[in-house]
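Peer 1: Structure for this input, please:
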Amino acid sequence: MQRLSEQQRKRGVTAVSAGNHAIAVAHAARSLGTHAKVVMPQTANRARIEASRAFGAEVVLTTDVAAAFAMAKQIETDEGRFFVHPFESEAMVQGAATLGMEFLRQTGQLDAMFVPIGGGGLAAGVACATKQLQPRCRVIGVEPAGADTMHRSFAAGSPQRIAAVATIADSLGAPMALPFTFELCRKHLDELVKIDDDEMRRAMWLLFADAKLAVEPAGAATTAAMLQRRERLQGQRIGLIVCGANVDHESFATCLRDGAPSTA
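Peer 2: Sure, this is the predicted structure:
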């Protein structure tokens with residue numbers, strides 16, 4: 001958004017998101033002196049909706065994330081706002097790559113890196129950085145079973161869509177893969193792992209109980225995948241990208257309750 005012309009800043013920006021990208025765009029818009037109109041599915045966690053509004057964004061709610069993409073494109077056309085795509089963008093991937101670079105500089109050599117996949121921008125950027133800085137580190141992409149667009153795209157050899165998003169990890173719920181990030185993920189990811197909602201709930205509980213990290217379901221995706229692959233990973237140095245903690249306390253408490261080990 002720093003690359004926008006003065007005229008573009010006057011017209012403002014738009015974005016589509018289940019919440020985390022919307023919050024980031026709203027914050028950036030306020031910092032740059034422009035205005036954001038973000039489109040979110042009505043099922044988005046209310047903490048993310050409120051955070052977007054707190055940063056000054058106008059929030060438009062739609063029935064689902066697919067409708068949100070269509071609405072954002074309509075706003076772009078009708079109002080001349082710049083569309084800040086949540087993943088299909090060279091600048092977004094480069095930004096994610098800086099995260100991967102900083103992570104590896106802090107941790108040193110890793111044997112494997114787990115990174116969550118929504119639309120693929122974060123995974124593409126982190127994987128690109130990892131393969132340049134630590135070529136022997138395996139990069140493993142993680143998707144929820146109810147939003148497995150990258151799994152389907154890898155299998156088909158081209159970007160695919162899904163009919164509906166059905167996962168508690170709504171911030172990983174992109175309804176489609178797109179060419180730029182798909183090709184980067186296909187080139188740089190060594191493996192894909194699919195996890196279900198129960199695995200994420202258990203991982204949320206473990207992260208809170210053991211590491212004292214209060215994360216949203218998507219933030220627990222990589223921990224869930226690591227636990228799924230733990231026998232293969234024994235003795236290895238593993239990196240996990242925890243991709244969000246924007247969740248209201250009631251939803252968080254419900255996930256912890258449902259994910260806690262049985263005492264029976």
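Peer 1: Break down the stretch 101-250 of the chain into its strands, ranges please.
Peer 2: With DSSP state E, counting those that start in this stretch as the criterion, the stretch 101-250 of the chain has strands at 112-116, 138-144, 191-195, 238-240.
Peer 1: could you show me where the helices are in the protein, in order?
Peer 2: Secondary structure of the chain (DSSP state H): helices located at 6-11, 20-32, 46-54, 65-79, 90-107, 121-133, 149-156, 179-188, 197-211, 221-228, 230-233, 249-259.
Peer 1: still on that earlier bit, can I get the strands of the stretch 101-250 of the chain in TSV with distance to Glu90 and mean pLDDT?
Peer 2: The way it works is simple: take the backbone N, C-alpha and C, and place the C-beta from them, glycine included. Formatted as TSV, the strands of the stretch 101-250 of the chain follow (distance: least, Cβ to Cβ, whole Å; pLDDT from 0 to 100):
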stretch	distance to Glu90	mean pLDDT
strand 112-116	18	98
strand 138-144	19	98
strand 191-195	23	98
strand 238-240	24	98
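Peer 1: Mind checking the helices of the chain for the one nearest to Val165?
Peer 2: helix 65-79 (5.7 Å; Cβ to Cβ).
Peer 1: what helices or strands is that closest one leaning on?
Peer 2: strand 13-16, strand 36-41, strand 58-62, strand 82-83 (3 or more Cβ pairs under 8 Å, 6 or more residues apart in numbering; DSSP states H and E).
Peer 1: Could I get the buried residue list for it?
Peer 2: 65-69, 71-72, 75-76 (16 or more other Cβ atoms under 10 Å).
Peer 1: the domain parsing of this protein - what is it?
Peer 2: Per automatic domain parsing, the structural domains of the chain span 6-83, 90-259.
Peer 1: just the helices and strands packed on helix 65-79: most buried one?
Peer 2: strand 13-16 (a mean of 28; mean count of other Cβ atoms under 10 Å).
Peer 1: That strand pairs with which strands, parallel or anti?
Peer 2: Strand 13-16 has these partner strands in its sheet, going by DSSP bridges: strand 36-41 (parallel), strand 82-83 (parallel).
Peer 1: Need the contact partners of it.
Peer 2: 1, 4, 21-22, 25, 29, 34-40, 65, 68-69, 71-72, 75-76, 79, 81-86 (Cβ atoms under 8 Å, 6 or more residues apart in numbering).
Peer 1: I figured Leu240 hits Thr223, correct?
Peer 2: Yes. Here Leu240 reaches Thr223: they are 6.0 Å apart, a contact under Cβ atoms under 8 Å.
Peer 1: So between those two, which is more surrounded?
Peer 2: Thr223 (25 against 22; other Cβ atoms under 10 Å).
Peer 1: any idea how far the nearest residue to that one once chain neighbours are set aside lies from Gln106?
Peer 2: Leaving aside its sequence neighbours, Thr223 sits nearest to Ala203 (Cβ to Cβ, 6 or more residues apart in numbering; 4.0 Å). Ala203 sits 22 Å away from Gln106, going by Cβ to Cβ, to the nearest Å.
Peer 1: Quick check: beta-bridge partners of the closest residue to Ala72 other than its chain neighbours?
Peer 2: Take Ala72 and drop its neighbours on the chain: the residue closest to it by Cβ to Cβ, 6+ apart is Val16, 4.1 Å away. In this entry, Val16 is beta-bridged to Val39, by DSSP bridges.
Peer 1: Roughly how far does Val16 sit from Leu61?
Peer 2: Distance from Val16 to Leu61, by Cβ to Cβ: 12 Å.
Peer 1: tell me the pLDDT at Thr263?
Peer 2: According to the prediction, Thr263 has pLDDT 64.
Peer 1: Kindly report the same for Gly19.
Peer 2: Gly19 carries a pLDDT value of 81.
Peer 1: got a list of what it touches?
Peer 2: 40, 44-45, 47-49, 51-52, 170-171, 246.
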